[in-house]
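# what would the 3D arrangement of this be:
(one chain, ligands or ions: 1)
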Amino acid sequence: MAIRIIREEGEEVLRKKAKEVGVIDERIVTLAEDMAETMYNEDGVGLAAPQVGILKRMVVIDVGEGLLTLINPKITQEDGEEIDIEGCLSVPDVVGEVKRPFKVTVEAKNLKGEDFVIEGEGLLARALCHEIDHLNGVLFIDRAEKIINKNEMKNNEKRQKSK
Ligand code: NI
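Below is the predicted model:
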């Protein structure tokens, strides 16, 4: 396993549409393992292959309930909506308020090539939508209703603490 370099906003690869994964061979498995290691190394809750420069439809997610690896994920149902703060390892300086479905159903393949269905609510639904957006060249800043600079957030926290 290896930690891969995370691509940042401004790099073209983040704006391209990723291609479906065909045969799940050793290279795909290694990529999935590297993506997970890279995500954990950065304390992220999700990572999509284009974020490490690979235009394949693969994402890893861990919202604290264990590692999920999704190959060729597709959202098949969306329910409700929720606005919350969201960030991205490829957009390190800002977070944003983004409206997402409260619940989604996603179909994907696992690393054995088996189809599975996952339902997620709240943070998991948000992570699934965010990562699948990456596969279509979409970043959360495209959808955010409000963008907040991380430094400003820290300053506000300091101000509050010093009260
Ligand atoms: Ni992201």
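# do you know how far residue 37 is from residue 113?
22 Å (CB to CB, to the nearest Å). In this view, the C-beta of every residue, glycine as well, is placed from N, C-alpha and C.
# so where's this structure uncertain?
Within the chain, the stretches with pLDDT under 70 are 158-163.
# can you give me the strands in it?
Taking DSSP state E to define them, one finds strands in the chain at 46-48, 58-61, 68-79, 82-88, 91-100, 103-109, 115-121, 146-149.
# centre of the chain to the helix ranked longest in the chain, how far?
Assignment by DSSP state H gives helix 26-41 as the longest helix of the chain. Relative to its parent chain, helix 26-41 has a centroid offset of 14 Å by CA atoms, centre = their mean, to the nearest Å.
# residues contacting that helix, please?
Helix 26-41 has contacts (CB atoms under 8 Å, 6 or more residues apart in numbering) with 1-4, 6, 21, 45-47, 49, 52, 54, 56, 58-60, 62, 67, 69, 71, 89, 111.
# returning to what we had before: any chance of the strands of the chain in JSON lines, plus mean neighbour count and distance to residue 127?
Formatted as JSON lines, the strands of the chain follow (neighbours: other CB atoms under 10 Å; distance: least, CB to CB, whole Å):
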{"stretch": "strand 46-48", "mean neighbour count": "28", "distance to residue 127": "4"}
{"stretch": "strand 58-61", "mean neighbour count": "28", "distance to residue 127": "5"}
{"stretch": "strand 68-79", "mean neighbour count": "18", "distance to residue 127": "9"}
{"stretch": "strand 82-88", "mean neighbour count": "17", "distance to residue 127": "9"}
{"stretch": "strand 91-100", "mean neighbour count": "18", "distance to residue 127": "9"}
{"stretch": "strand 103-109", "mean neighbour count": "20", "distance to residue 127": "10"}
{"stretch": "strand 115-121", "mean neighbour count": "14", "distance to residue 127": "7"}
{"stretch": "strand 146-149", "mean neighbour count": "12", "distance to residue 127": "19"}
